[in-house]
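In: what would the 3D arrangement of this be:
(2 chains)
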Amino acid sequence: MRGRNKSLNSPSPLPFMGYDFRAVELKWQERWEREKRHEAEPDERKKFFITVAWPYPSGPMHVGHARTYTFPDVIARYKRLMGYNVLFPMGWHLTGSPIVGAVNRLKSGEEKFLGIAKNVYGMSDEDLGSINDPMDYARYFIDQSPMGYKKGMRSLGLSIDWSKEFTSITPSYSREVEWQYRKFLEKRLVTTGSHPVKFCPHDNNPVTDHDLLEGEGVDIQEFFVIEYEVDGEDLFLPAATLRPETIFGVTNLWLKRDEDYVVADVEGKKWLLSREAVRNISYQKSVKPLEERNSGALEGKKAINPITRERVPIICADFVQTDVATGVVGSVPAHAPYDLVALKGSIPPRQVIEVAGYSDIPAKDLVAQMGIRDESEREKLDEATRKLYRDERARGTMIVNYGDFYGKSVEWAQKEIKKELTAIGRGDVVYEFTKKPVICRCGTECVVKLVSDQWFIRYSDEEWKKTVRQWLASMDLVPPETRNYFSNVIDWLRDWPFTRLVGMGTKVPWAKDWIIESLSDSTIYMSYYTIADVMREAKMEVDDDFFDYVFLSKDNRWKGNETAERAKKAFSYWYPLDYRVSASELIPNHLTFMIFHHTALFPEEYWPRGIISLGLVILEGRMMHSSSGIIYPVAQSVEDFGADATRFYLLYSVEPWQNFDWRASEAKVIGRQLQHFCDLAREIIDSISSGEEMEKDHMDLWLLGSLGKRMAAYLDSMENFRTRSALQMAFYEMMNDYRWYVRRGGDDPRTLKEFLERWIVMLYPFTPHLCDELWEMLRAKVPELDERIECYPEAPPVKEGDLEAEEYLINLFDDIKAALQALPIEPKALYLYCIPGEERAIDSAFLKNELSCDVFVQPLNKVTHDPKGRAKRAKKGKPAIYVEGGDGSE
RNA sequence: GCGGGGGUAGCCAAGCAUGGUCAAAGGCGCAGGCUUGAGGGGCCUGUUGCGAAGGCAUCCGUGGGUUCAAAUCCCUCCCCCCGCACCA
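Out: The predicted structure is shown next:
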């Protein structure tokens, strides 16, 4: 020990001081803003453009959101350190109906919602009174509420370029959306059609799962309807089925016993429908009820199978469910357990499908196997039905002599028979929920409605998919596991209905009654960030030509226009998007749509380069839900622990793409650790004095060498977005190195200054306020440092030689501790026998001090004391150890 | 059901794509000691079991297998999470 600076020898004589994190954070936030530190303009530097899914401000910003936005901020700050010109913008997504819905609920005084607004969202009566329309509500959660997004983002110290801010309903942005869809229309990438949706007749609106009281997650199923003509009457029995291929095995038709059915005109034909079916189907087809007719009146009559022309009897039964599909069912006893049981052998089953493992009457096998006695055992019958369908569909073969059907698969037959029936005008389709009831919040039972004139984006287009697949292959996807996921999504993606009747948003340019729904208007909005400030300043009306010129360089009248030129310059500088950051649950829609849309609209040089998918955040083990009040608001975390501690905590426990469990107790610990770090840094800064030039000794070289290694690992992690691992290097490993250095007597102010300089820089992306503060303090002592921390110092080179000897000692020290641990004696003297030459690495003074006993180092060629003959165990790099107890013996 | 991702010591989690250097990093928590103006600070030590020695035994959801050698490769089973569309 050279004792140049006593205060640095452990333990610290200074009292615990800490710092006022809120004061420091506010100071720097204010300064960054005043200096417009994060506003980015095109220049000659290499650029880095990163965006994150824009928030939908329908409630408070909680720590889950904080993580989503802090991660890209850390990356943005890191890239600035690396010399990039970084654009990290933010906007607001207002499209859609939830905000509209929230305002309606407030206005109608819905109690539950008002309670949440007051207690969870922290809204005062005054706040509530000031909200009259959806924009008021959105504004409230964007920048008025203390729990709002903009305040939250600012208080976290996010380095967002607010000059590029806009919303999804900003008029000039809407122009871009219109441009995009007109392009799609031109390219025939949109199409019109009809589409089944969950619908509430009372509200006269489509409903989402979120709007439901009961029936969440229920799907819509397509039933195929086979029309059987009633013999001798102008009436059809529309038997609804999921298995039209079994039509060859139909032995009879079922109606519910003693039930009043309705004869109705359905698009020009007379159908017999249950009363429930009349209501349901009237939302899918034009249905005019004509008269009632009891099922008993039809019993015994015959109906004509449209394919086989066979006449089969109409039979009534109790198991028929009138609220499912049409309320009319075909009976296939060989392949449907229900039918088999209900017929009780009165009509012989007819096999039409053969499956390995089953007899010639498959339904019979299952009924016997499961011990089903009669049709009242619904649960068992349902299970048998499901199992049989699964097996037959997977492995069954058709054994009917009809057309090409013999020997064909069930799947093929199903498609084929649908085609045939439709062709001869005896096939139709009705939609039904997979499970009932489905009940709207208003209490009304929902129906399946067929929306016509719906517009679709043709994601099913094979050419388009091919382009997207190819581009995907060249993209950087983080984490790599998402590649498979994307690739599957592209395969399964169907046409997407992109028009809505309600909510905020941009109108479909050629169908002004419709609005472009929220996922579909946010596919290329990153491009607008690049020109948002130019557009706002210009305040001018733009048209399709404008975007053609700016985005596609089409030669037109905008050429030479100042605004257009500025926009074009900015766009071509910043685009393409380097990384898109989003939640992994958006892979099946938004993120994939983004790739589709870019490839369809822009030249390849502007297609997005990378996607980072984040994991979700849970709160103390539970899912966060604004609507249920299970949230931890950002505002609170910043107040409780500070912005830096919040940021640090959000990124340290798991990598960004893993799920994260927020625990306030841990966030608190981080706050303490930062306080400690601050103390330590100040101590080092205090110790810096000018004019002192000392030769670096072994420990100094070790500390700087190790720093080089840590920094290399840090850079590698950051380049791959492994922020957790980077933080572990930047904070904990650095801390450990520092401790060891001090413990080993290291105390050179110059070495420590160098060490601290890099330490601050490494931590800067994570805890920018504290780091800027420390940097400022450091500069007061070391004026030659750059004012901006962003001009980071290079890592010192790693010379393995500087590290080797110390590693040797560390290993030896560990071995000694392990050995001592198993010994129940007080060590008095420690003998170390090493390969000659290695003794140079053994700091016996240090060991003596640490172990409080005498230490004798004896190279193998100079062993003088070895009563137990341990010296022979010495190996290269691993000295032999002999411990002598207090009484001199062992 | 379909598709994707996981199960590692009290907790969070690293490692597994290139088997051995893995009793298995780091953090948290917990325990003990030190800091000779007593407790939310710091430093040190420990945290599967055994052990008068740096070792041995057992261990990485379950049960098998491959191998001189498996947390790491192959198979069986069990369990958990996330998407599945008109919703931001």
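In: for the helix or strand harbouring residue A:340, packing partners?
Out: Assessed by DSSP states H and E, residue A:340 sits inside helix A:337-343. Using 3 or more C-beta pairs under 8 Å, 6 or more residues apart in numbering; DSSP states H and E as the contact definition, the elements that helix A:337-343 packs against are strand A:252-256, strand A:329-331, helix A:362-369, helix A:378-395. C-beta coordinates here come from the backbone N, C-alpha and C atoms, glycine included.
In: in TSV, list those along with mean pLDDT, mean neighbour count and distance to residue A:283.
Out: What follows is these, written out as TSV (pLDDT from 0 to 100; neighbours: other C-beta atoms under 10 Å; distance: least, C-beta to C-beta, whole Å):
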stretch	mean pLDDT	mean neighbour count	distance to residue A:283
strand A:252-256	96	23	22
strand A:329-331	95	25	21
helix A:362-369	91	19	34
helix A:378-395	82	16	26
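In: partner strands of whichever helix or strand comes after the helix holding residue A:340, parallel or antiparallel?
Out: Once the chain leaves helix A:337-343, the next helix or strand it forms, by DSSP H and E, is strand A:353-354. Listed by DSSP bridges, the sheet partners of strand A:353-354 and their directions read strand A:397-398 (antiparallel).
In: what's in contact with the helix or strand following the strand it pairs with?
Out: Of the helices and strands lying after strand A:397-398 in sequence (DSSP H and E), the nearest is helix A:410-423. Outside of helix A:410-423, the residues within contact range by C-beta atoms under 8 Å, 6 or more residues apart in numbering are A:224, A:226, A:243-245, A:247, A:306-307, A:353, A:392-393, A:396-398, A:403-405, A:408, A:427-428.
In: RNA strand B contacts on the stretch 551-700 of chain A?
Out: Taking C-beta under 7 Å from any atom of the strand as the measure of proximity, the stretch 551-700 of chain A contacts RNA strand B at A:584-590, A:616, A:623, A:652-655, A:658-659, A:661, A:665-666, A:669, A:672-673, A:676.
In: buried only: go through those residues for me.
Out: Members of these that pass the buried threshold by neighbour count (16 or more other C-beta atoms under 10 Å) are listed as A:584, A:586-587, A:590, A:616, A:652, A:655, A:673.
In: tell me which two in the residues you listed are the farthest apart.
Out: Spatially, the most separated pair among those is A:590 and A:673, at 36.6 Å (C-beta to C-beta).
In: before we move on, the earlier item: could I get the buried residue list for the helix holding residue A:340?
Out: Taking 16+ other C-beta under 10 Å as the basis for neighbour counts, the residues of helix A:337-343 that come out buried are A:337-343.
In: out of these, who's near RNA strand B?
Out: With C-beta under 7 Å from any atom of the strand as the criterion, no member of those is in contact with RNA strand B.
In: between these, which sits nearest RNA strand B?
Out: Closest approach between these and RNA strand B, by C-beta to the nearest atom of the strand: residue A:337, at 18.6 Å.
In: was I right to think that closest one contacts residue A:368?
Out: No. With contacts counted by C-beta atoms under 8 Å, residue A:337 stays clear of residue A:368, the gap being 10.3 Å.
In: mutual contacts of these two, please.
Out: Shared contacts of residue A:337 and residue A:368, defined by C-beta under 8 Å, 6+ apart, are absent.
In: so of the buried ones among the residues of the stretch 551-700 of chain A next to RNA strand B, which ones are in helices?
Out: A:652, A:673 (DSSP state H).
In: report the buried residues of the helix or strand of chain A with the lowest mean pLDDT.
Out: When the helices and strands of chain A are scored by mean pLDDT, DSSP states H and E, strand A:212-214 comes last with a mean of 76. Buried residues in strand A:212-214, defined by neighbour count with 16+ other C-beta under 10 Å: residue A:212.
In: and it, what does it pack against?
Out: Contact here means 3+ C-beta pairs under 8 Å, 6+ apart; on that basis strand A:212-214 packs against strand A:439-440.
In: quick one: strands adjacent to the very next helix or strand once past the strand it packs on?
Out: Remark: after strand A:439-440, the chain's next helix or strand is strand A:447-457, criterion DSSP H and E. Each strand pairing with strand A:447-457, determined using DSSP bridges, is listed with its direction: strand A:190-200 (antiparallel), strand A:496-497 (antiparallel).
In: ok, back up a step: export only the CA atoms of the helix holding residue A:340, formatted as CSV.
Out: Output for helix A:337-343, consisting of C-alpha atoms alone and laid out as CSV, is shown next (Å, rounded to 0.1, in the frame of the first residue of the first chain):
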residue,chain,number,x,y,z
PRO,A,337,-73.4,-40.6,-31.1
TYR,A,338,-76.4,-38.4,-30.3
ASP,A,339,-78.4,-39.6,-33.3
LEU,A,340,-77.5,-43.2,-32.6
VAL,A,341,-78.7,-43.0,-29.1
ALA,A,342,-81.8,-41.1,-29.9
LEU,A,343,-82.9,-43.6,-32.6
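In: can I get the helices and strands packed on helix A:337-343 in a markdown table with distance to residue A:844?
Out: Supplementary listing: the helices and strands packed on helix A:337-343 in a markdown table, determined by distance: least, C-beta to C-beta, whole Å:
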| stretch | distance to residue A:844 |
| --- | --- |
| strand A:252-256 | 96 |
| strand A:329-331 | 93 |
| helix A:362-369 | 81 |
| helix A:378-395 | 76 |
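In: got a list of what the closest residue to RNA strand B within the stretch 551-700 of chain A touches?
Out: With C-beta to the nearest atom of the strand as the measure, the residue in the stretch 551-700 of chain A that lies nearest RNA strand B is residue A:588; the distance is 3.5 Å. Counting by C-beta under 8 Å, 6+ apart, residue A:588 makes contact with A:485, A:489.
In: check residue A:175 too.
Out: Under the criterion of C-beta under 8 Å, 6+ apart, the contact list for residue A:175 reads A:542-543, A:546-547.
In: look up phi and psi at residue A:581.
Out: Backbone torsions for residue A:581, taken as degrees, to the nearest 10, come to phi -110, psi 130.
In: can you tell me the closest non-neighbouring residue to it?
Out: residue A:52 (4.2 Å; C-beta to C-beta, 6 or more residues apart in numbering).
In: just the pLDDT for that neighbour.
Out: Reading off the per-residue confidence, residue A:52 sits at a pLDDT of 95.
In: and for the one 10 residues further on?
Out: The pLDDT attached to residue A:62 in the predicted structure is 91.
In: state the distance from it to RNA strand B.
Out: Using C-beta to the nearest atom of the strand, to the nearest Å, one obtains 14 Å as the distance from residue A:62 to RNA strand B.
In: next, count neighbours for that residue.
Out: Neighbouring residues of residue A:62 were enumerated by other C-beta atoms under 10 Å; the total is 25.
In: okay, now the closest residue to it other than its chain neighbours: neighbour count?
Out: With C-beta to C-beta, 6+ apart as the criterion, residue A:62 has its nearest non-adjacent residue at 4.0 Å, and that residue is residue A:631. Applying the criterion other C-beta under 10 Å, we find 23 residues in the vicinity of residue A:631.
In: okay, residue A:631 and residue A:147: tell me how far apart.
Out: Between residue A:631 and residue A:147 the distance is 9 Å, computed by C-beta to C-beta, to the nearest Å.
In: which residues are common contacts for these two?
Out: Between them, residue A:631 and residue A:147 share the neighbouring residues residue A:60, with contact defined by C-beta under 8 Å, 6+ apart.
In: what residue in the stretch 101-250 of chain A comes nearest to RNA strand B?
Out: In the stretch 101-250 of chain A, no residue comes nearer to RNA strand B than residue A:208, which is 3.0 Å away by C-beta to the nearest atom of the strand.
In: tell me who's in contact with that residue.
Out: Taking C-beta under 8 Å, 6+ apart as the criterion, residue A:208 is in contact with residue A:198.
In: repeat for residue A:362
Out: A:334-335, A:351, A:353, A:355, A:388, A:391-392.
In: same list (those) but as a markdown table, adding distance to residue A:77.
Out: As requested, these are exported to a markdown table (distance: C-beta to C-beta, whole Å):
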| residue | distance to residue A:77 |
| --- | --- |
| A:334 | 69 |
| A:335 | 65 |
| A:351 | 71 |
| A:353 | 64 |
| A:355 | 62 |
| A:388 | 61 |
| A:391 | 58 |
| A:392 | 60 |
